[in-house]
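Novice: show me the folded form of this:
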Amino acid sequence: MKRKTIKNEVEINGIGLHKGEKIKLILKPGIENQGIIFKRADITDKDNIIKVSYKNLFDLERGTNIKNHDDIKVHTIEHFLSSLSVSGITDITAEISGNELPILDGSSIQFMEKLQEAGIKEFESEIEPIVIKKPVIFKDEKNGKYVLALPYDGFKISYTIDFNHSFLKSQYFEIDVNIDDYIEKISKSRTFAFDYEIDFLKKNNLALGGSLENAVVVGKNGPLNPEGLRYSDEFVRHKILDIIGDLYVLGIPVKGHIIAVKAGHYINAKLTELIAEEYKIFSK
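Specialist: Okay, here's the model as predicted:
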């Protein structure tokens, strides 16, 4: 597999989910072997470069976030990373005007469209995937949450969600990940929240940019969004979108079968840490 970047610079504008601020994101071709890098364009008095790495993760309760040694942060990177992963992009610079990515419509389809608009360029050097050779497992048995990686000739994800809710209960979805199936079956699935969470989030200065235009809000009897769902099982498909992005903090493709039960960003991060330790991925 060749290392890849984009051919041309492209710009994405939108608001951040949690702070509600207008964000400009400029995607620029990367240098061979640089990895995935964020540059905070609004920071000039400190180191404004944050490299995507499992070692730079922090605060994974509501999203996937990274920071550098100067505590300069970028929040909510999982949808963007998911798009980079399925596009095979290994080297790119994302210049951003604030501390979180634009949420867009709550899915990754607009990131995919921008990457396709930018075009893909192959480098000469190869990147070897992490090949899962034996089970790697992380368990949170108290809360019934599990994620594991098993040997598999490809990249497959099987995901189960289970909520104690009047409308949203259990859903299961499985996919052999490739770019065409991802665009059709996963990329349009949106992030979601329950209506009873909204007041709590707002009071804690979270989801200030959230709306029915960029998230599915689940009420007692179903989604509050006038247009309804994009898929009957949109919720579990979005969890697959997320875990693809969360695994890509390794910066290297994974060859294996990922099985997740009631997992989330923190659980996913523990799996990446175990994989990195097992296969000696010492990214900085």
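
Novice: quick one, what contacts the residue positioned nearest the centre of the chain?
Specialist: Closest residue to the average C-alpha location of the chain: residue 78 at 1.9 Å, with CA atoms, centre = their mean. Residue 78 makes contacts with 63, 64, 241, 242, 245, 246, 265, as judged by CB atoms under 8 Å, 6 or more residues apart in numbering. Any C-beta I mention is one placed from the backbone N, CA and C, and that applies to glycine too.

Novice: count of neighbours near the last one?
Specialist: Residues contacting residue 265 under the criterion other CB atoms under 10 Å number 20.

Novice: strands of the stretch 1-150 of the chain, start to end?
Specialist: Using DSSP state E, counting those that start in this stretch, the strands of the stretch 1-150 of the chain run over 2-6, 10-15, 22-29, 36-40, 49-51, 57-58, 65-67, 73-74, 92-96, 120-126, 130-131, 136-140, 145-150.

Novice: after the worst-scoring helix or strand of the chain on mean pLDDT comes which helix or strand?
Specialist: When each helix and strand of the chain is scored by mean pLDDT, DSSP states H and E, helix 195-203 comes last, with a mean of 84. Next helix or strand after helix 195-203 toward the C-terminus (DSSP states H and E): strand 216-219.

Novice: circling back: out of the strands of the stretch 1-150 of the chain, flag the one nearest residue 216.
Specialist: Closest to residue 216 of the strands of the stretch 1-150 of the chain is strand 10-15 (CB to CB; 17.2 Å).

Novice: ok, and what's touching that closest one?
Specialist: Strand 10-15 is contacted by residues 21-27, 102-104, 110-111, 114-115, 117-118, 209, 214 when judged by CB under 8 Å, 6+ apart.

Novice: rerun that using 10 Å as the cut-off
Specialist: 21-28, 80, 94-98, 100-105, 110-111, 113-119, 208-211, 213-214 (CB atoms under 10 Å, 6 or more residues apart in numbering).
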